[in-house]
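>>> Sequence first, then the predicted structure, then my questions.
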Amino acid sequence: MTPLWTFDELLAATGGTGSGHFDVTGVAFDSREIGSGDLFLALKGAETDGHLFVDKAFANGAAGAIVSQPVPYPHILVPDTMQALEALGHASRARTKAKIIGITGSAGKTGTKEALYAALDRCSRGRAHRSVKSYNNHVGVPLSLARMPADCDFGVFEMGMNHAGEMRALSHIVRPDIAVITTIAPAHIEFFKDESGIADAKAEIFEGMVEGGTAILPADNVHYPRLRAAAELYTKSILSFGFSPDADVRVVDHLVTPNNGTLVTAKVCDAMLSFTLSQSGQHWISNSMAVLAAVLAAGGDLASAGLAMAEMGGLTGRGARHDFAIGDGTGHLIDESYNANPASMAATIGQLGLSGDRRRIAVLGSMKELGDKSGHYHRALAAPLAAAKVDFAILVGKEMEFLAEELKAGVEGPAEFAHCATAQEALALLQNYLCASDTVLVKGSNSMGLSSIVSALTGGKN
């Protein structure tokens, strides 16, 4: 197997002092993820120190480690292991000839990243790379870069932030050829004056873009003019996407298919493309336009992209669908348990509203990091619940008290609702209410632990 990094390359990238000699085929900072031949990075965090897990990493098959204190195994000694990880990220970016795409936005980053990766991996016959899970922060981004094989044709990286300045730092590591912003919405608004501050922070992705790079922007978003003005400081190559008739890549028509997918017709600059999207919902349709725009900018194949998006499965915690046993019949589950903000909440409640004649049940957990605007955004969920004709809403967490109070006051909303403190209480309420053929949406911020409800319903198959 060709090494991901040779020992000499690791020394050159990190400037460390070697002990022993090893090449590596993978990189990880979690000893539980170490496989045979991997490099273990002993990072020091606020709660633990990776050096405590060096023995476990080598027991799991590590070939070597990067450490800031000597260990009795093959290693490279550096003053700071986090700086060494960043150096590996920079070295990976410097050695590659791949087209690099960075994706950010207030919602839809992970789904868009996965769809774009699938499209580019298909047309390049396996020579695409992407960040896994939601590795999108100051640790996950350089790690994802460090894991990229040198001979890739495409690299797709999710980039997140919740404070101003964080995206700037990530952008200068990734140095994207193509920078995609999916949307701007009030996620993490606790840390910003208003949504325009979020837009400015997301627009920092353009600051590290390579010369001649392409910015891809959401034409339907109210902050589009602001994003475009920011992008124009760094590039003349800009593609807009969405439903807007003025968008460069736009939806011409769309139709829900019997299997909960969407048949989409799109205009991609001067070309027309019809394809089936495996997911339903306006947000997925819009994000598929971002994927097509990025494929076009990267020199990929649009037809392959359409086929790839037709074959995509649902993502765990982000739209995966499951059938589960209930009584003598079957229920249907929409798993959106990983994260939540006002925009994604409204979008996925809208998806629940498309579930046909089944009873519709929404299990909604608190949305976090909304600051003093939390009450407003939670109360506003009454409208999409009413529009989706939800039969029963189970509201989970302290912040959901705002919505419960709104519904108690007689605002139009679900036919029935209940409020509880924990996921365990919500599960008990749900199990007492469920009947065969019900459709259940589970969505909330990850810290609410609603994935435990998904696991309970599916027997741990989520």
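Looks like it came in fine. If you're wondering where the values come from, they're calculated on a predicted model, not measured in any experiment.
>>> Tell me who's in contact with the residue lying closest to Val252 once chain neighbours are set aside.
Taking C-beta to C-beta, 6 or more residues apart in numbering, and ignoring the residues beside it in sequence, Val252 has Thr265 as its nearest neighbour in space, at 4.4 Å. Quick note: C-beta positions are derived from backbone N, CA and C, even for glycine. Taking C-beta atoms under 8 Å, 6 or more residues apart in numbering as the definition of contact, the neighbours of Thr265 are Val251, Val252, Asp253, His254, Met272, Leu273, Ser274.
>>> if you look at those residues, which of them are in strands?
Counting by DSSP state E, the part of the contacts of Thr265 found in strands is Val251, Val252, Asp253, His254, Met272, Leu273, Ser274.
>>> separation between the last one and Arg122?
In this case it means Ser274. Ser274 sits at a distance of 17 Å from Arg122 (criterion: C-beta to C-beta, to the nearest Å).
>>> between these two, which one's more packed in?
Using other C-beta atoms under 10 Å as the criterion, Ser274 and Arg122 rank with Arg122 on top: 20 against 11.
>>> Which secondary structure element is home to that one?
Taking DSSP states H and E as the criterion, Arg122 maps to helix 109-123.
>>> what about the helix or strand that comes right after that helix, distance to the chain center?
Later in the chain than helix 109-123, the nearest helix or strand by DSSP H and E is strand 128-130. Taking the mean C-alpha point of strand 128-130 and that of its whole chain, the gap between them comes to 15 Å (C-alpha atoms, centre = their mean, to the nearest Å).
>>> can you check stretch 135-143 too?
12 Å.
>>> mind listing what's buried in the helix holding Arg122?
109-123 (16 or more other C-beta atoms under 10 Å).
>>> what are the C-alpha coordinates of it, in CSV please?
Output of helix 109-123 as CSV, limited to C-alpha atoms (Å, rounded to 0.1, in the frame of the first residue of the first chain):
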residue,chain,number,x,y,z
LYS,A,109,-23.1,22.0,5.0
THR,A,110,-22.8,18.3,5.7
GLY,A,111,-25.5,17.2,3.3
THR,A,112,-24.1,19.4,0.5
LYS,A,113,-20.6,18.1,1.2
GLU,A,114,-21.6,14.5,1.0
ALA,A,115,-23.6,15.1,-2.2
LEU,A,116,-20.8,16.9,-3.8
TYR,A,117,-18.3,14.3,-2.8
ALA,A,118,-20.5,11.5,-4.2
ALA,A,119,-20.8,13.5,-7.5
LEU,A,120,-17.0,14.1,-7.8
ASP,A,121,-16.0,10.6,-6.6
ARG,A,122,-18.3,9.1,-9.3
CYS,A,123,-16.9,11.1,-12.2
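>>> who does that helix touch, helix- and strand-wise?
Applying 3 or more C-beta pairs under 8 Å, 6 or more residues apart in numbering; DSSP states H and E, one finds that helix 109-123 contacts strand 99-104, strand 128-130, strand 154-158, helix 282-298, helix 302-311.
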